[in-house]
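Engineer: show me the folded form of this:
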Amino acid sequence: MRPTERVSRRFSVQRRTGTEPELLLRRELHRRGRRFRVHYLIPGVPRRRADLVFTRWRVAVFVDGCFWHACAEHGVKPNTNSDWWQWKLDNTRARDRDTDQRLSALGWTAVRVWEHEAPASAADRIENLLNQLALGRV
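Structural biologist: Okay, here's the model as predicted:
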């Protein structure tokens, strides 16, 4: 039921932080003058880190990979060991929902960005939210 040793080894060396989509979004937001914390452990949400955090406005941004977070548009379901992978991807999506709910209960706003989303578009969305929060409209 578990993935083969070869597959497990291959996935264990993949980057979890500093992925290309994450770096592109960080560069775009930084270019726009936005400053943020990276891979921030949010108090009250144990063992969960946000990719980018705007602590002043309590906004946590997660850059989700299409495979690992089961994107409806680009997510691929492996044919080998499909039952295990389905369980794994379902658990990841459930953890994402749990994280969002925990953040909301603590007064934070979670923003989910797909890896396929254009960095400028994602930055626009984040900036709009930050501007609304700064004006007290959210």
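Engineer: from here on, just use CA atoms for contacts and neighbour counts.
Structural biologist: Will do.
Engineer: low pLDDT regions in this protein?
Structural biologist: Scanning the chain for pLDDT under 70 picks out 1-17, 138.
Engineer: which stretches of it form strands?
Structural biologist: Along the chain, the stretches classed as strands by DSSP state E are 37-41, 49-54, 59-64, 109-114.
Engineer: name the strands paired with the shortest one and say parallel or antiparallel.
Structural biologist: When pairing is defined by DSSP bridges, strand 37-41 lines up against strand 49-54 (antiparallel).
Engineer: now the angle from the partner strand to strand 59-64?
Structural biologist: Calculated by axes from the mean of the first three to the mean of the last three CA atoms, to 10 degrees, strand 49-54 forms an angle of 140 degrees with strand 59-64.
Engineer: can you add distance to Arg97 and mean neighbour count and give the strands of the chain back as a markdown table?
Structural biologist: Output for these, formatted as a markdown table (distance: least, CA to CA, whole Å; neighbours: other CA atoms under 10 Å):
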| stretch | distance to Arg97 | mean neighbour count |
| --- | --- | --- |
| strand 37-41 | 17 | 16 |
| strand 49-54 | 13 | 20 |
| strand 59-64 | 12 | 22 |
| strand 109-114 | 10 | 19 |
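Engineer: which ones are touching the closest residue to Ala120 other than its chain neighbours?
Structural biologist: Counting by CA to CA, 6 or more residues apart in numbering, Glu28 is the residue found nearest to Ala120 once chain neighbours are left out, at 6.6 Å. Listed by CA atoms under 8 Å, 6 or more residues apart in numbering, the contact set of Glu28 reads Pro119, Ala120, Ala123.
Engineer: filter those residues down to the buried ones.
Structural biologist: Using 16 or more other CA atoms under 10 Å as the burial test, these include Pro119, Ala123 as buried.
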